[in-house]
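Chemist: With the sequence up front, the predicted model follows.
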Amino acid sequence: MYQRLLLGMVILVMVSACGSAGAPAPTPTTAADALAVEDPWVRPSIDGMGGMNSMGDAAEEGDGMQMAGSNSAAYMTIRNAGANVDRLILAESDVAQAVELHIGEMVDGVMSMRKVEGIEVPAGGTAELAPGGLHIMLINLTRELNPGDMVNLRLTFENAGVREVQATVREP
């Protein structure tokens, strides 16, 4: 009887030790530790310009004006491992004269965009910024954005503070 009890305790200890290896990661201690920005990318600026310069004239090769005044958009996944909701409340970039948080919506069968005041990142969840949905709009670009280029983004969150992110320019 004593041997069975001892064997049972040994098995219980071994099972407990194995179970702890798959234990969840500890909860982040601060809002800043809780957020992760993954796979940030930006559309090339050639999209939407159709070969026109900022004056609406057909762009000539080498005129340096082809992308001035055009727009682009930034996308990413924002993960929040924390226990509290956070919000992206501001985005900035040196490649655009203005940067706004937007959502794409279908209205009467037509896709339209509108500015939003913030993008919620749920506790223990994600916010997906993707084509056709939430995104960061880069308005009046200050330079051409070609595939492979890097774009600096400064993201401000309500709780986690500021994040500096580098996004790769790529085709959707």
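Modeler: That came through, no problem. Residues are numbered from 1 along each chain as shown.
Chemist: can we go C-alpha only for contacts and neighbour counts from here?
Modeler: Will do.
Chemist: Same question for stretch 157-172: list its buried residues.
Modeler: 157, 159, 160, 163, 165, 166, 167, 168, 169, 170 (16 or more other Cα atoms under 10 Å).
Chemist: Touching, the second one and residue 32? I think so.
Modeler: Yes. Between residue 159 and residue 32 there is a contact at 7.3 Å, judged by Cα atoms under 8 Å.
Chemist: on that earlier part again, what's the farthest-apart pair in the buried residues of stretch 157-172?
Modeler: 159 and 170 (30.0 Å; Cα to Cα).
Chemist: top strand in the chain by residue count?
Modeler: In the chain, ranked by residue count with DSSP state E as the criterion, the top strand is strand 96-107.
Chemist: what lines up beside whatever helix or strand comes next after it in the sheet?
Modeler: Counting by DSSP states H and E, the element after strand 96-107 in chain order, helix or strand, is strand 110-115. When pairing is defined by DSSP bridges, strand 110-115 lines up against strand 96-107 (antiparallel).
Chemist: So, low pLDDT: which residues of this protein?
Modeler: 1-29, 46-69 (pLDDT under 70).
Chemist: contacts for whichever strand or helix holds residue 88?
Modeler: For residue 88, the enclosing helix or strand under DSSP H and E is strand 86-93. Applying Cα atoms under 8 Å, 6 or more residues apart in numbering, the contact partners of strand 86-93 are 31, 80, 98-101, 117-123, 136, 138, 151-160.
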